[in-house]
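Enquirer: I would like to see how this sequence folds:
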Amino acid sequence: MIKVITYGTYDMLHYGHIRLLERAKALGDYLIVGITSDDYDKSRGKINNQQSLMERIAAVRATGLADEIIIEEYEGQKIDDIRRMNVDIFTVGSDWKGRFDYLNEFCRVVYLPRTKGISSSEVRAEKRKLKIGLVGSAAFRTKFINEAKFVNGVEVTGVCASSPSNEQEVKDLFYTDDYDELLEQVDAVYIISKPEKHYEDIKKALSAGKHVLCESPVAYTRKQVSELFQYAKDKGLILMDAIKTAYSTAYARLILMVKSGKIGNVVSIDAVCTSLSDGIAIEEADLSQKWNSMCGWAPAAMLPVFQIFGTTYKEQLFYTKFQNKAENMDAFTKIDFIYPSGIATIKVAKGAKAEGELVIAGTKSYIYVPAPWWKTDYFEVRYENPADNKRFFYQLDGEGIRYEIVAFAKAIESGKVMSYVSEDISEAIVGVIEDFNARKNLIEIE
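Expert: Just a heads-up that it's a prediction; the model follows:
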C-alpha cells in the first residue's frame with residue numbers, strides 16, 4: 001500500500017483545495033491530510049483564518065478524500081509524521097516548489113500544480129473590507145494602524161482628532177475633527193480618546209450604528225459601562241474592551257494553567273506595570289493631553305486579578321502619589337484587593353519605575369512572568385525544587401494587537417461577541433477607577 005501525506009490550513013475550503021486533494025489521492029492508496037492548528041498558524045504569521053480548526057477538519061472530512069486526518073502543531077512535525085506513519089510520498093502545491101526538497105531523504109516529494117485563479121487569500125479578499133476609523137490622538141494608535149495591516153479584510157481608513165498629526169502612519173489616513181464626518185465613512189471605530197470621553201464617544205458611535213473597540217477603561221462609572229454594553233446588544237452591535245494582553249497566547253495559556261490547578265490554590269497575585277516614556281513627570285508637560293497611571297496601566301494590571309480571583313472582592317485600598325492632584329494625575333498607585341481566599345496587589349506608575357513582573361503564588365508552586373509581563377511570550381512555573389521548574393514559550397507578534405483586531409472583525413462578521421475580556425471584568429475595572437476618582441479608601445503619599 002502506498003501512503004501519501006499532504007498538509008495545509010484548508011481555510012474556507014474551495015475548489016482549488018479539492019482539486020489538490022484529488023491529485024494527492026491519485027498518487028497512492030491511502031491519503032493522510034495534515035491540517036495546521038490555530039496556534040501553529042499563528043506562529044507562522046497566519047492570523048486571519050476565517051474558520052476554527054474544528055470547522056476546517058469537518059470541511060476536509062466532508063470531501064471524502066482523506067483516509068486519515070491529523071493535526072500539524074509544530075515545526076519539524078512533517079519528518080516525525082513521515083517516519084512514524086511509514087509514508088511513501090509527501091505532496092504539496094507547486095507554489096512551494098523546492099521548499100520541501102529536504103524531505104526526499106525520508107520519502108518521495110511531489111509538487112502538484114495549483115488550480116489557477118483561486119486561493120483562500122483571494123476568497124477572503126473578495127469580501128468587503130471592514131473600514132475602521134480612529135477616534136483620539138493617543139500615541140499608541142500608530143501600533144494599531146500597523147498591526148491592522150496584517151489582518152485580511154480590515155482597513156484603517158480615517159482618524160478623528162482635534163488636530164492633524166505628523167506621524168507618517170496617520171498622515172496617510174483621511175483626517176477630520178468632525179466625529180460625525182468620520183462615522184459616515186466607516187463601519188467601526190477604535191477609540192483612544194481621553195478616558196473621560198469614552199462614554200460619550202462610544203454612545204455616539206453606537207447611535208450611528210457603528211461597532212466599537214475601545215481602549216480600557218470603557219467608561220468612567222459602573223452605571224455608564226453597564227448602559228453601554230446593554231445599548232450595544234439592543235442595537236445588535238459589537239462593543240469590545242481593548243486590553244491587548246488578553247490576546248497574548250502565553251498569557252491565555254498561563255490563565256488556563258492556573259485555573260486547571262497546576263500551581264494549587266492561588267493565594268496571592270502581584271502585578272506591576274510602569275513606564276516613564278509618557279513624560280508626565282516632566283515639569284512642563286501638558287497633562288491635559290496625558291492619561292494618568294490608573295487609566296493607562298491599571299486595566300492591564302487588574303486583568304489577571306479579576307480573571308483568576310473574580311470580580312467580587314471584600315475590600316480594596318489605594319495608596320497614591322499624585323503628580324498633579326488638580327489634573328487627577330497619579331504618578332504612582334498601589335491597590336490591594338482582599339478576597340476570601342487570597343490577596344492581590346497591583347502597582348501602576350507613569351511617574352516612577354519598577355520591574356514589570358507578574359507573580360502568581362499557589363499552594364503547590366508559583367508562576368513567574370518577567371518584565372514586561374503584559375506582552376510576554378514566555379513564563380515559568382517554579383517549584384520548591386528548582387529541578388522541577390518548567391518554562392513555556394509561545395510566539396507573540398504585535399503585542400497581541402493584531403489578534404485583538406482579528407477577534408473584533410470576526411465578532412462583527414458573526415454577530416457574536418468574541419472578546420477575551422468579559423463584560424463583568426470590564427465593569428469591575430471601571431468600578432475600581434470610579435472608586436479611585438471618588439478617593440474611596442485612598443491613602444495619599446506625599
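Enquirer: I figured Ser165 hits Lys171, correct?
Expert: Yes. Using C-beta atoms under 8 Å, Ser165 is in contact with Lys171, at 6.7 Å. For every residue, glycine as well, the C-beta is placed using N, CA and C.
Enquirer: For the two, work out which one has more neighbours and name it.
Expert: Neighbours per residue (other C-beta atoms under 10 Å) separate Ser165 from Lys171, with Ser165 holding more: 16 against 11.
Enquirer: residues touching that one, list them.
Expert: 137, 159, 171, 175 (C-beta atoms under 8 Å, 6 or more residues apart in numbering).
Enquirer: Quick check: nearest residue in space to the first one, chain neighbours excluded?
Expert: The one in question is Ser137. Ala161 (4.4 Å; C-beta to C-beta, 6 or more residues apart in numbering).
Enquirer: residue boundaries of the strands in the stretch 251-400 of the chain?
Expert: According to DSSP state E, counting those that start in this stretch, the stretch 251-400 of the chain carries its strands in the segments 266-274, 315-324, 329-338, 343-349, 358-362, 366-369, 378-382, 390-393.
Enquirer: Pull up the pairing partners for the first one, direction included.
Expert: Yep, that's strand 266-274 we're talking about. Strand 266-274 has the following strand partners under DSSP bridges: strand 343-349 (parallel), strand 358-362 (antiparallel).
Enquirer: which one of the ones you listed is the most hemmed in?
Expert: Among the strands paired with strand 266-274, ranked by average contacts under mean count of other C-beta atoms under 10 Å, first place goes to strand 343-349 (a mean of 23).
Enquirer: so how far is that one from its chain's centroid?
Expert: With C-alpha atoms, centre = their mean, to the nearest Å as the basis, strand 343-349 stands 22 Å off its chain's centre.
Enquirer: again with stretch 438-446
Expert: Stretch 438-446 sits 33 Å away from the centroid of its parent chain (C-alpha atoms, centre = their mean).
Enquirer: pLDDT below threshold where in the stretch 101-250 of the chain?
Expert: Where the stretch 101-250 of the chain drops to pLDDT under 70, the residues are 116-127.
Enquirer: Next, format the strands of the stretch 251-400 of the chain as JSON lines and append mean pLDDT.
Expert: Below are the strands of the stretch 251-400 of the chain laid out as JSON lines (pLDDT from 0 to 100):
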{"stretch": "strand 266-274", "mean pLDDT": "98"}
{"stretch": "strand 315-324", "mean pLDDT": "96"}
{"stretch": "strand 329-338", "mean pLDDT": "97"}
{"stretch": "strand 343-349", "mean pLDDT": "98"}
{"stretch": "strand 358-362", "mean pLDDT": "98"}
{"stretch": "strand 366-369", "mean pLDDT": "98"}
{"stretch": "strand 378-382", "mean pLDDT": "96"}
{"stretch": "strand 390-393", "mean pLDDT": "94"}
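Enquirer: and Leu183, which of the ones you listed is closest to it?
Expert: Closest approach to Leu183 among these (C-beta to C-beta): strand 329-338, 30.6 Å.
Enquirer: what's that closest one packed up against?
Expert: Other helices and strands packing on strand 329-338, by 3 or more C-beta pairs under 8 Å, 6 or more residues apart in numbering; DSSP states H and E, are helix 293-309, strand 315-324, strand 343-349, helix 423-437.
Enquirer: mind putting the ones you listed in CSV, distance to Asp81 included?
Expert: CSV is the format used below for these (distance: least, C-beta to C-beta, whole Å):
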stretch, distance to Asp81
helix 293-309, 36
strand 315-324, 52
strand 343-349, 44
helix 423-437, 40
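Enquirer: just these: most buried one?
Expert: The highest mean neighbour count among the helices and strands packed on strand 329-338, using mean count of other C-beta under 10 Å, belongs to helix 293-309: a mean of 25.
Enquirer: Just want the angle from that one to strand 358-362.
Expert: 30 degrees (axes from the mean of the first three to the mean of the last three C-alpha atoms, to 10 degrees).
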